[in-house]
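>>> next input, structure requested:
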Amino acid sequence: MELCKADIVMALCGRDQGKLFYVIGTEGVYVLIADGKGRTIEHPKRKKLKHIQMVARTENHVAEKLRRGEKVLNSELRRDLAVFRRDHPCQNQGGFN
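Below is the predicted model:
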């Protein structure tokens, strides 16, 4: 699985199972993920590649800012993931929000 910064992924294991996140960075077999709520940009979750699933590669404003290395607010992540969830309701959204 080839993941890039700003991809949207779903956690497959752990207390965040079924939740959507943005990939903030990569570290070998790990990725750093954040959703702006439980996991902020300042404190991303480090997760193994085998414990996440690629959902989408987006070309929206937030994704472009992440790719360029510009500052992204947690509120922007939350808002963008909420819009993505609304537009793609077939995604399994487990866990507690």
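>>> buried ones in the longest helix anywhere in the chain?
Secondary structure of the chain per DSSP state H: the longest helix is helix 74-87. The neighbour-count check on helix 74-87 (16 or more other Cβ atoms under 10 Å) flags 76-77, 80-81, 84 as buried. C-beta: built from backbone N, CA, C; applies to glycine.
>>> by contact count, what packs against the longest strand along the chain?
For the chain, the longest strand by residue count, based on DSSP state E, is strand 20-27. Packed against strand 20-27 by the contact rule (3 or more Cβ pairs under 8 Å, 6 or more residues apart in numbering; DSSP states H and E) you find strand 7-11, strand 30-34, helix 61-68, helix 74-87.
>>> got these as a markdown table, with distance to Phe21 columns?
Compiled in a markdown table, the helices and strands packed on strand 20-27 are given as follows (distance: least, Cβ to Cβ, whole Å):
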| stretch | distance to Phe21 |
| --- | --- |
| strand 7-11 | 6 |
| strand 30-34 | 4 |
| helix 61-68 | 12 |
| helix 74-87 | 8 |
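>>> which among those is found nearest to Ile52?
In terms of Cβ to Cβ, the element of these nearest to Ile52 is strand 7-11, at 4.5 Å.
>>> name the strands paired with that closest one and say parallel or antiparallel.
Note on strand 7-11: by DSSP bridges, its sheet partners are strand 20-27 (antiparallel), strand 52-57 (antiparallel).
>>> ranking those by burial, who's on top?
strand 20-27 (a mean of 19; mean count of other Cβ atoms under 10 Å).
>>> so it versus helix 61-68, what angle?
10 degrees (axes from the mean of the first three to the mean of the last three Cα atoms, to 10 degrees).
>>> could I get the CA-only coordinates of strand 20-27 as PDB?
This file holds the C-alpha atoms of strand 20-27, laid out as PDB (Å, rounded to 0.1, in the frame of the first residue of the first chain):
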ATOM      1  CA  LEU A  20     -11.400   8.500   9.300                       C
ATOM      2  CA  PHE A  21      -8.100  10.300   9.500                       C
ATOM      3  CA  TYR A  22      -5.700  12.300   7.300                       C
ATOM      4  CA  VAL A  23      -2.200  11.100   6.800                       C
ATOM      5  CA  ILE A  24       0.100  13.800   8.200                       C
ATOM      6  CA  GLY A  25       3.400  12.000   7.600                       C
ATOM      7  CA  THR A  26       5.100   8.700   7.000                       C
ATOM      8  CA  GLU A  27       7.900   7.000   9.000                       C
END
